[in-house]
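J.: no sequence for this one, just the structure:
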């Protein structure tokens, strides 16, 4: 009898999971993030540029890339020393940074002000948003001839072209961030007697900070792209002027230097925004797996 009862209990225990719908399920094992060492992350990030540099050097050394197509890395390094020694590169870099920085500041201020106006007020949205969205679809490169007619070939046209290019990314990001602000929180602050300016400063802008930084990142990248276009407007100084002079004399080494400078400017802008994100939003420094990004 005891043996029969034990067998029946064992059979019942085997059927119970199937009846409960838990057959085939496994015990969950939560993934524990393992933070990567900073040296490992930096090494992985440098693999791509190092591979490109090695491919460039190898193609030049084997003759696949001739100097009339693209100068070798050694020739580019020599060109950097030449331009730095005679003062052309520092002067051109200072001029280009001044143009890009001035236009970027104007564009960021305009985009931020317009974004707050259309995102926070219904009247501003109805009056401005449709017009600004229409203007946003116009490629800023198409404005170059018009700006030359309006402002001539002086610095004003170049700076305003950069400003226009950087305004709309900041505007779109700011508008989206402001509109996504918790309305209940805004109404609560109003009930405590805060005015509109105080609410924007203390509630709306901190809540929209991720969008603002995303807009800043796009605007800074576009400022470099717009700088390249702006310096094609009969520039007499700057990185674009060096490029036009190098093109006239078929100096591919100087052309490569100018292209690398533009690329480094964009990379530096991206690194600065990433650093700003780490300072202002430290909780976002973790990636999807929970480890440091």
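T.: On my side now, so go ahead. Not measured: the values here are computed from a predicted model.
J.: what about residue 92, which helix or strand?
T.: According to DSSP states H and E, residue 92 maps onto helix 88-120.
J.: give me the neighbour count for residue 168.
T.: 25 (other C-beta atoms under 10 Å). C-betas here are computed from N, CA, C, even on glycine.
J.: tell me the contacts of it?
T.: 111, 132, 135-136 (C-beta atoms under 8 Å, 6 or more residues apart in numbering).
J.: among those, who's most crowded?
T.: Counting neighbours by other C-beta under 10 Å, residue 111 comes out on top of those with 26 neighbours.
J.: and the residue nearest to that residue when sequence neighbours are not counted, how far is that from residue 262?
T.: With sequence-adjacent residues excluded and distances taken as C-beta to C-beta, 6 or more residues apart in numbering, residue 111 is closest to residue 170, at 2.8 Å. Separation of residue 170 from residue 262 (C-beta to C-beta, to the nearest Å) stands at 21 Å.
J.: which of the two has more neighbours?
T.: The neighbour comparison of residue 170 against residue 262 (other C-beta under 10 Å) goes to residue 170, with 28 against 19.
J.: can you give me the helices for the stretch 101-250 of the chain?
T.: Assigned by DSSP state H, counting those that start in this stretch, the helices in the stretch 101-250 of the chain fall at 122-124, 130-136, 144-151, 155-179, 183-191, 196-199, 205-207, 209-230, 239-248.
J.: the last one: how far from the chain's middle?
T.: Just to be clear, that refers to helix 239-248. Offset of helix 239-248 from its chain centre (C-alpha atoms, centre = their mean, to the nearest Å): 27 Å.
J.: again, but for the first one
T.: The chain centre lies 29 Å from the centre of helix 122-124; the measure is C-alpha atoms, centre = their mean.
J.: same question for the fourth one.
T.: How far helix 155-179 lies from its chain's middle: 14 Å, per C-alpha atoms, centre = their mean.
J.: let me know the angle separating that helix from helix 88-120.
T.: If you take axes from the mean of the first three to the mean of the last three C-alpha atoms, to 10 degrees, helix 155-179 sits at 40 degrees to helix 88-120.
J.: any buried residues in helix 155-179, and which?
T.: Across helix 155-179, burial judged by 16 or more other C-beta atoms under 10 Å covers 155, 157-179.
J.: shaky segments in the stretch 151-293 of the chain?
T.: Regions of the stretch 151-293 of the chain meeting the criterion pLDDT under 70 cover residues 283-293.
J.: what about 80?
T.: For the stretch 151-293 of the chain, applying pLDDT under 80 flags the ranges 152-153, 181-196, 200-202, 204, 232-236, 281-293.
J.: what is the burial count for the residue nearest to residue 250 when sequence neighbours are not counted?
T.: Nearest non-adjacent residue to residue 250, counting by C-beta to C-beta, 6+ apart: residue 68, 7.0 Å away. By the criterion of other C-beta under 10 Å, residue 68 has 8 neighbours.
J.: kindly report the same for residue 276.
T.: Neighbour count for residue 276, taken as other C-beta under 10 Å: 13.
J.: how about it, what does it touch?
T.: Contacts of residue 276 by C-beta under 8 Å, 6+ apart are 213, 216.
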